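1. predicted model follows, preceded by the sequence.
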Amino acid sequence: METQLRMYFAGAIAAVAAFLFVSLAFSGQFNFLHAGVFIVFFIVVMVVFANFVEWAESRESN
């Protein structure tokens with residue numbers, strides 16, 4: 001579980017960096033509210049995808 005938590009943390013940091021660079025490149029400003037919503041959405045999607053992969057692997061092994 002510790003490895004999975006580190007992967008979530010690394011993914012969130014990468015997503016924040018990407019959002020920061022893209023928002024600054026295209027709009028020239030950074031909005032913390034938009035970044036917060038993006039991070040929450042990103043983490044939810046990442047957790048749902050991880051659960052989907054575990055579910056698919058469990059179905060495959062049966």
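-> The structure has been received and is ready for your questions.

2. helices of the chain, residue ranges please.
-> Using DSSP state H, the helices of the chain run over 2-26, 32-61.

3. which residues of the protein score low on pLDDT?
-> For the chain, the stretches with pLDDT under 70 are 1.

4. centroid residue for it?
-> Closest to where the C-alpha atoms of the chain average out (C-alpha atoms, centre = their mean) is Phe42, at 3.6 Å.

5. OK, contacts around it?
-> Phe42 sits next to Gly11, Ala12, Ala15 when contact means C-beta atoms under 8 Å, 6 or more residues apart in numbering. Where C-beta positions appear, they are placed from N, C-alpha and C, glycine not excepted.

6. ok, and the closest non-adjacent residue to the last one?
-> Closest residue in space to Ala15, ignoring its immediate chain neighbours: Phe42 at 4.6 Å, by C-beta to C-beta, 6 or more residues apart in numbering.

7. against Trp55, how distant is the one you found?
-> Using C-beta to C-beta, to the nearest Å, Phe42 is found at 20 Å from Trp55.

8. the residue most distant from the middle of the protein, which is it?
-> Centroid-distance maximum for the chain: Asn62 at 29.7 Å, with C-alpha atoms, centre = their mean.

9. quick one, what contacts it?
-> By C-beta under 8 Å, 6+ apart, no residues touch Asn62.

10. any idea how far the residue nearest to the centre of the chain lies from Arg59?
-> Taking C-beta to C-beta as the measure, Phe42 falls 26 Å from Arg59.

11. then Phe19?
-> According to C-beta to C-beta, Phe19 stands 34 Å off from Arg59.

12. the more surrounded of the two?
-> Using other C-beta atoms under 10 Å as the criterion, Phe19 and Arg59 rank with Phe19 on top: 17 against 8.

13. can you give me the neighbour number for the nearest residue to that one once chain neighbours are set aside?
-> Nearest residue to Phe19, sequence neighbours excluded (C-beta to C-beta, 6+ apart): Phe38, at 5.3 Å. For Phe38, the count of nearby residues is 16 (other C-beta under 10 Å).
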